[in-house]
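Quick one: sequence and predicted model below, then my questions.
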Amino acid sequence: MKLLPYLLVGALFGIVLTKGEMISWFRMQEMFRFQAFHMFGIVGSAVAVAAASLWLIRKSQVQSIEGEPIVVPPKTLGNGSRYLFGGTVFGLGWGLSGVCPGPIFALLGNGVAVAVVILASALIGARLYAAVRDKLPH
């Protein structure tokens, strides 16, 4: 019962992704070909909401559901190679599959069976990163 709110928010998120056409391979291709603003508008809105949310969390000292303070550590950019490499790998996966991580579950919920392959690939990639993380520049 404690996890029910998370399930409901996840289901609502899946509905929003579906209705906003964010699970559409065609919309992703439009974005990567710079043919439409639709996805750029959504991504830009998400960045703005995330920035405002992080600012509010830092300023209002919000607590977690267990009552612990939520602390967002400052980012250390270093030389930026980790962002270049990680962004390239992420972007290649996104461009080849037409799906970023969030919509994978929405696709599964919509009955798109091939999303199982995309989910498995994402999990393998995450596992591979965990295996070589200590050897990568951070």
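Happy to help now that I have it. Numbers count the residues shown, from 1 in each chain.

which ones are touching R33?
Shown in contact with R33 (Cβ atoms under 8 Å, 6 or more residues apart in numbering): no residues. No exception for glycine: its C-beta is placed from N, CA and C like everyone else's.

And the helices in this structure?
Using DSSP state H, the helices of the chain run over residues 4-19, 25-32, 38-60, 81-97, 101-109, 115-132.

and the first one, which residues are buried?
Of the residues in helix 4-19, those scored as buried under the neighbour-count criterion (16 or more other Cβ atoms under 10 Å) are G14, L17, T18.

Mind picking the one among those residues that's closest to K2?
Nearest to K2 among those is G14, at 20.5 Å by Cβ to Cβ.

Name the nearest residue to the closest one, ignoring sequence neighbours.
A106 (4.2 Å; Cβ to Cβ, 6 or more residues apart in numbering).

Number of residues surrounding the one you found?
22 (other Cβ atoms under 10 Å).

Correct me if wrong: it contacts K19.
No: between A106 and K19 there is no contact under Cβ atoms under 8 Å: 10.1 Å.

Please spell out the segments of the chain that come in under the pLDDT threshold.
137-138 (pLDDT under 70).

before we move on, the earlier item: just the buried residues of helix 4-19 now: which is nearest Y129?
Of all those, L17 has the smallest distance to Y129: 24.3 Å, by Cβ to Cβ.

show me what contacts the closest residue to that closest one other than its chain neighbours?
Spatially, and ignoring its direct neighbours in sequence, L17 is nearest to A106 (4.2 Å; Cβ to Cβ, 6+ apart). When contacts are counted by Cβ under 8 Å, 6+ apart, A106 touches F13, G14, L17, T18, M22, I23.

Redo the residues you listed as TSV? Include distance to G93.
Output for these, formatted as TSV (distance: Cβ to Cβ, whole Å):
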residue	distance to G93
F13	21
G14	20
L17	18
T18	21
M22	16
I23	16
